[in-house]
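Asker: turn this into a structure:
(2 chains)
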Amino acid sequence: GAGVSQSPSNKVTEKGKDVELRCDPISGHTALYWYRQSLGQGLEFLIYFQGNSAPDKSGLPSDRFSAERTGGSVSTLTIQRTQQEDSAVYLCASSLANRDRGQGYTFGSGTRLTVV
Amino acid sequence: KNQVEQSPQSLIILEGKNCTLQCNYTVSPFSNLRWYKQDTGRGPVSLTIMTFSENTKSNGRYTATLDADTKQSSLHITASQLSDSASYICVVSAPYSGGGADGLTFGKGTHLIIHP
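Answerer: This is a model prediction of the structure:
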């Protein structure tokens, strides 16, 4: 597609439920990133996928968070047993390759998650 | 610890006026510095990216400066328009080392409001 697509755009869930957030990167982008943006805070790195390499999961805040990327394209971020502190905007970004060179690093519009 | 501090936190100016946003960072080693614009409910969109050797870069009415010696950057907006109302995020990149934290450090942003 023309841009990074995320769905749903908004999600309200009850505490304790599981949620799945989806990211469709730009076609041909081999790198995909998930970030969390809490109110009044900077973006927090969660996980990074690069091609077929093992993902960098160093930013995942707990074992309730997991992500996968199927076929090197679409990615799903799963949060199990959601807590109120998980409420945030979850942003996905994709890029061509080495992000240090700023290669077309493009963000999606995010999923606003509210845990009630 | 790598940090990016932005000021002011929020700013209100009248349409047509100029403004300057500040970004101070402690990230080392340094790869590049980026300014993003984030409209409400949207993902961040890149405005400029500067490497160590660049000290100014323009994108239309937006001009970014970088002083790598003092680790300071600014984003100057000329002849502001209502559509400039957004959050402006400073992001500093360290060379990605892999197997560890994401190489990007995000500021919390400056929330800019343009009044007619």
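Asker: given the helix or strand of chain B with the lowest mean pLDDT, what are its sheet partners and their directions?
Answerer: Least confident helix or strand of chain B, by mean pLDDT, DSSP states H and E, is strand B:104-106 with a mean of 85. Sheet pairing of strand B:104-106 (DSSP bridges) gives strand B:86-93 (antiparallel).
Asker: could you dump the partner strand to PDB, C-alpha only?
Answerer: This file holds the C-alpha atoms of strand B:86-93, laid out as PDB (Å, rounded to 0.1, in the frame of the first residue of the first chain):
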ATOM      1  CA  ALA B  86       0.500  19.700  16.100                       C
ATOM      2  CA  SER B  87       3.100  18.100  18.300                       C
ATOM      3  CA  TYR B  88       6.700  18.400  17.100                       C
ATOM      4  CA  ILE B  89       9.000  15.600  18.200                       C
ATOM      5  CA  CYS B  90      12.800  15.600  18.200                       C
ATOM      6  CA  VAL B  91      14.400  12.100  17.700                       C
ATOM      7  CA  VAL B  92      18.100  11.400  18.100                       C
ATOM      8  CA  SER B  93      19.600   8.300  16.600                       C
END
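Asker: now do the contacts for the most centrally placed residue in chain A.
Answerer: Note on chain A: the residue nearest the mean C-alpha position is A:Trp34, at 3.0 Å, using Cα atoms, centre = their mean. The contact partners of A:Trp34, taken as Cβ atoms under 8 Å, 6 or more residues apart in numbering or on different chains, are A:23, A:46-48, A:67, A:75, A:77, A:90-92. C-beta coordinates here come from the backbone N, C-alpha and C atoms, glycine included.
Asker: quick one on the thing from earlier: chain center to the least confident helix or strand of chain B: distance?
Answerer: Distance of strand B:104-106 from its chain centroid, counting by Cα atoms, centre = their mean, to the nearest Å, is 11 Å.
Asker: send me the following helix or strand past that strand as PDB with only the CA atoms.
Answerer: In the C-terminal direction, the helix or strand that comes right after strand B:104-106 (DSSP states H and E) is strand B:110-115. Taking C-alpha atoms only, strand B:110-115 is exported to PDB below (Å, rounded to 0.1, in the frame of the first residue of the first chain):
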ATOM      1  CA  THR B 110       6.400  20.400  22.000                       C
ATOM      2  CA  HIS B 111       2.600  20.900  21.600                       C
ATOM      3  CA  LEU B 112       2.100  23.900  19.300                       C
ATOM      4  CA  ILE B 113      -1.200  25.600  18.900                       C
ATOM      5  CA  ILE B 114      -1.700  28.300  16.200                       C
ATOM      6  CA  HIS B 115      -4.600  30.700  16.900                       C
END
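Asker: strands along the chain, start to end?
Answerer: All of this is about chain A. Taking DSSP state E as the criterion, chain A carries its strands at A:5-7, A:10-13, A:19-24, A:31-37, A:43-50, A:65-69, A:75-79, A:88-95, A:106-107, A:111-115.
Asker: chain B is the one I meant
Answerer: Taking DSSP E as the criterion, chain B contains strands spanning B:4-7, B:10-14, B:19-25, B:32-38, B:45-51, B:56-59, B:62-67, B:72-77, B:86-93, B:104-106, B:110-115.
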